[in-house]
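Chemist: Give me a 3D structure for the following:
(chains A and B)
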Amino acid sequence: MPQPGARDLRDIRFLDPAVIAKLGTMELKARTVVEGFLSGLHRSPYKGFSVEFAEYRQYLPGDDLSTLDWKVFARSDRHYVKKYEEETNLECHLLVDISASMAYRGAAAMSKMEYGSVLAGSLAFLMNRQRDASGLIAFDEKIAFRLPASARRGHLHTLLVALERLTAARRSDLGRPLHQLAEALVRRSLVVLISDLLDEPEPIIAGLKHLKFKGNDVIVFQVLDPNELTFPFEASARFTDVESADAITADPRSIREAYLGELGNLKQHYDRELRGVGVDYVQLDTSKPLDFALLAYLAARSRRK
Amino acid sequence: MAFLYPAFLIGAVAIALPIVLHLLRRDIAPEVPFTAVRLLRRSPVERVHKRRLKDLLLLAARVIALLLLAAAFARPYVRGAAPAPVRVVALDRSYSMGGPQRFDRARALARAAIEDASSSERVAFVAFDDRADVLAMPGGKGEARAALDGTTLGFGATRYSAVFDKVLEMANGATGRLILVTDLQPSGWNKEGAPVLPLGWEMEVRDAGSVGENLTIEAVTVDAAAVAATIRNSGRTPRSGRIQVTLDERGPEAAGADFTVAPGQASVARINWRAPSTGALTVSVDDPVGLAADNSRYVVLGARQTPKALVVGAGEQSGLYLSRALETSRTEDVDVVTSARLASMTPEEVSNYSTIALLTTRALERKSRETIAAQVRAGSGLFIAAGSDLDISVVASMADWQPALSAVEHGQGPPVTLAATDVRHPIFRPFNALAVNLGQVRFERSWRVAPEGWSVIARFSNGSPALLERTLGRGRVVLFASDVDRQWNDFPLHPGFVPFAIETARYLSASGDRRQVRDYTVAQAPPGIGPAPGVFRTADNRTVAVNVDPAEGALDRMSAEAFAGKIQRNDAAGTVQQAQARDTESRQSYWQYGLALMLLALVAESFVGRA
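Modeler: The predicted structure follows:
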């Protein structure tokens, strides 16, 4: 898998959340991300994944020269072009956490919700170009919105509009919706979970394992704000939970180390538990470009093929 | 628990201020929304609690240490139980309380004051005239009654402040009441500043009344041909009678004369009679309705009546200011002589002068210098004033002073002024607060005297000694480092010059030959004599006359309200209580324990801090 560090900075700037946040619609955001991402790759992942050879046809002026079959030309001295039949064999469900904690925006240009929505939209855009079916499920403590997976024309627009209209409000309880979804999916699918995963980990892990047990491919994107990742506060403050009335007065300098340790332990726990069952787990920083997420998706997609 | 210096406790409050602010600041920590409070609350929360506890311990240790430090500086002590109130009954026993039945009435008033005391009061009894004697310390009524019964009329004059001094001593932190039984003579305040009554004390004056008429022999002079007596009539009616002279107090009349004195006036009765050259005589009048003690006055014959001063100047004008100043005192006869005249005087003639003022050494013969030095060693006083006519080396050669007297003339720079170094010195004491006025005198020239071997009484504003003194034999020498002839300064034109000259001469004349003093008041009588008027022989075989203070014979009276107005009621008396508090605190020394505990708190703080 190509590393982001090997890419041109000129390409990365199109994936910068600070730039993307200033764009208008979700469609534009998703398109910008995907186009910027794909332009940075040396080889399009689009080819070779979802197209199959169908037949030869006589070359007609105007055809793409790249589709000419030069071997046939050498044998028969005639120009034939290859015709491909596109097929959709992937169904992807984008699970977006819309609990109140996802609305948190610290020092980054986008909230976790916005970042996750752009990520979901980008993935949907990418899948649409690959003729894969994509669906959307938004949930907090229960499933709040569901858009079945489809590769039909116009479905992408519906999905992107739905993403744009998502609002975060309630507490999260990821375990239950995951189990519901695992039971609901009748076809093996790719499930992409976008959440901050700050709830109790065990119910979430159990739900993800359930999905995996049902034969689905699962990718988990844990979206965190830089404030959550580095805890940069200096002055003593009363830290109030955005989802509950829970609060704690603390001196950040004295508890930073312990907090970061706890966060590291949480990441390690997810990593160990999820990778053990073949679930991809990627932690994302909302201040960082989105290519990590897209590359992780492509890797999972290739494994599935 | 009390504190000797409670102001230091304010420091503790000031130290606590940042701590309070710190705590307040913690309470108003801003609210910050966050998502991972669950993670904060896991182990970090416990650590915060632990740290908070540790912080509290540290804070407590530091606050305790600081409080102990402040308390140690405030010097704590434990006061004893509040003493019972004191009732001081003070009875005036001055001779003005005499007269028919008057002292008995005064005693009755004092007795009533004692009996009025409540059971919770401690009663003290004080008898006073020139001095106050505590005849019964604060205690039961019986002791006070017994002391009162043993009190007799005295011959002293009234001095009220002596009573208040005793009250300050006895108050000892207690509240109380002072009951004065007196005839309210204003003369009792004449020489006194306003006395102080301790806070928490009340004063009550019980008027013993006054006699209506009185004759006082104020003074007696004896010359070769007559005896003259000054008789004052303090009553409201003219008085006449006969004044008589006896050679023995109880002997027959040696001479006499009739007199008449108008009311409130004094008259000199002259008795043409040649008194013997030695011995003593008594001059008396008959005054059956007045005070008895001032009806007689005793005189030692042959006694030098007034001290004499000899001013040695350089010419007619030299010593003029000084001699004129001394003559105003009327107690000092002054002769001004030149060095040439001094050389012709015999040592016996010089010995008649109790004070010699040396203003010049010009033409001062060696014999004269030796005469002066011998006279000073015998008890006379010597006043030396610097000036252009005085050679310091000649002065230095008059006596074998070690180290030798040395001085340099100084006339450069701006004028300097005078400041008394020791305002309690007899020369400056009468000036009281007015001594600062001497600072208005401008000195253009002066001597810079090396003060080794001398006591500096006053200095110029440039720090060099201005007035110095030392003893020589039985006499005293006072050296003034500028002149008294208005050549180097304007001192003779200054109002302070006359009292300065008089007090200096008085100080020097009283320096050595006290055998010359033969007339005392009862209060000033030498040890072992009196306290009663009469003619006595002292332990050193002198015949002295002791008389009552004639001022006490005046019948002036003041109201009780005016009397009370003389009393200060500020807490100057607190000085006694403070001294007692200091003594108590010094004995208890709790501050040491405070500092030890503070060190312990700091050690604990360091342990907690490291944990």
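
Chemist: OK, contacts around the residue in the stretch 501-611 of chain B that chain A sits nearest to?
Modeler: The minimum distance from the stretch 501-611 of chain B to chain A, using Cβ to the nearest Cβ, falls at B:Gly609 (14.6 Å). C-beta coordinates here come from the backbone N, C-alpha and C atoms, glycine included. Taking Cβ atoms under 8 Å, 6 or more residues apart in numbering or on different chains, we find B:Gly609 in contact with B:Leu58.

Chemist: does it count as helix, strand or coil?
Modeler: helix (DSSP: H, G, I helix; E, B strand; the rest coil).

Chemist: how about stretch B:135-155: buried residues?
Modeler: Residues B:135-136, B:138, B:141, B:143-145, B:147-148, B:151, B:153-155 are the ones in stretch B:135-155 that count as buried (16 or more other Cβ atoms under 10 Å in any protein chain shown).

Chemist: likewise stretch B:230-239?
Modeler: If you call a residue buried by 16+ other Cβ under 10 Å, then stretch B:230-239 has these buried ones: B:Thr230, B:Ile231, B:Arg232, B:Asn233, B:Ser234, B:Gly235, B:Arg239.

Chemist: got the CA coordinates for that stretch in PDB?
Modeler: Provided in PDB are the C-alpha atoms of stretch B:230-239 (Å, rounded to 0.1, in the frame of the first residue of the first chain):
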ATOM      1  CA  THR B 230       9.200  89.100 104.100                       C
ATOM      2  CA  ILE B 231       5.700  88.300 105.500                       C
ATOM      3  CA  ARG B 232       2.900  87.300 103.100                       C
ATOM      4  CA  ASN B 233      -0.800  87.600 104.100                       C
ATOM      5  CA  SER B 234      -2.800  85.000 102.100                       C
ATOM      6  CA  GLY B 235      -6.000  85.900 103.800                       C
ATOM      7  CA  ARG B 236      -8.800  88.300 103.000                       C
ATOM      8  CA  THR B 237      -8.300  90.700 105.900                       C
ATOM      9  CA  PRO B 238      -5.400  92.900 106.900                       C
ATOM     10  CA  ARG B 239      -3.100  91.300 109.400                       C
END
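
Chemist: count of residues packed around A:Arg146?
Modeler: Neighbour count of A:Arg146, defined by other Cβ atoms under 10 Å in any protein chain shown: 15.

Chemist: what's across from it in the sheet?
Modeler: A:Ile137 (DSSP bridges).

Chemist: on that earlier part again, among the buried residues of stretch B:230-239, which are in reach of chain A?
Modeler: Checked against chain A using Cβ under 8 Å from any Cβ of the partner chain, those give no members in range.

Chemist: Just the pLDDT for B:Phe491.
Modeler: pLDDT, B:Phe491: 91.

Chemist: Was I right to think it contacts B:Ser482?
Modeler: Yes: using Cβ atoms under 8 Å, B:Phe491 is in contact with B:Ser482, at 7.1 Å.

Chemist: What are the buried residues along stretch A:261-268?
Modeler: Buried-residue list, stretch A:261-268, by 16+ other Cβ under 10 Å: A:Glu262, A:Leu263, A:Leu266, A:Lys267.

Chemist: can you tell me which of those are in helices?
Modeler: Residues of the buried residues of stretch A:261-268 located in helices (DSSP state H): A:Glu262, A:Leu263, A:Leu266, A:Lys267.

Chemist: and the first one, how far is that from A:Ala107?
Modeler: It stands for A:Glu262. Separation of A:Glu262 from A:Ala107 (Cβ to Cβ, to the nearest Å): 20 Å.

Chemist: do the same with the last one
Modeler: Between A:Lys267 and A:Ala107 the distance is 20 Å, computed by Cβ to Cβ.

Chemist: re earlier: and the two most separated of the buried residues of stretch B:230-239?
Modeler: Across the buried residues of stretch B:230-239, the longest distance by Cβ to Cβ is 16.2 Å; it joins B:Thr230 and B:Gly235.

Chemist: okay but B:Ala157 is in contact with B:Gly553, surely?
Modeler: No: using Cβ under 8 Å, B:Ala157 is not in contact with B:Gly553, being 9.3 Å away.

Chemist: what is in contact with the two at once?
Modeler: Both B:Ala157 and B:Gly553 are in contact with B:Ser96, where contact means Cβ under 8 Å, 6+ apart.
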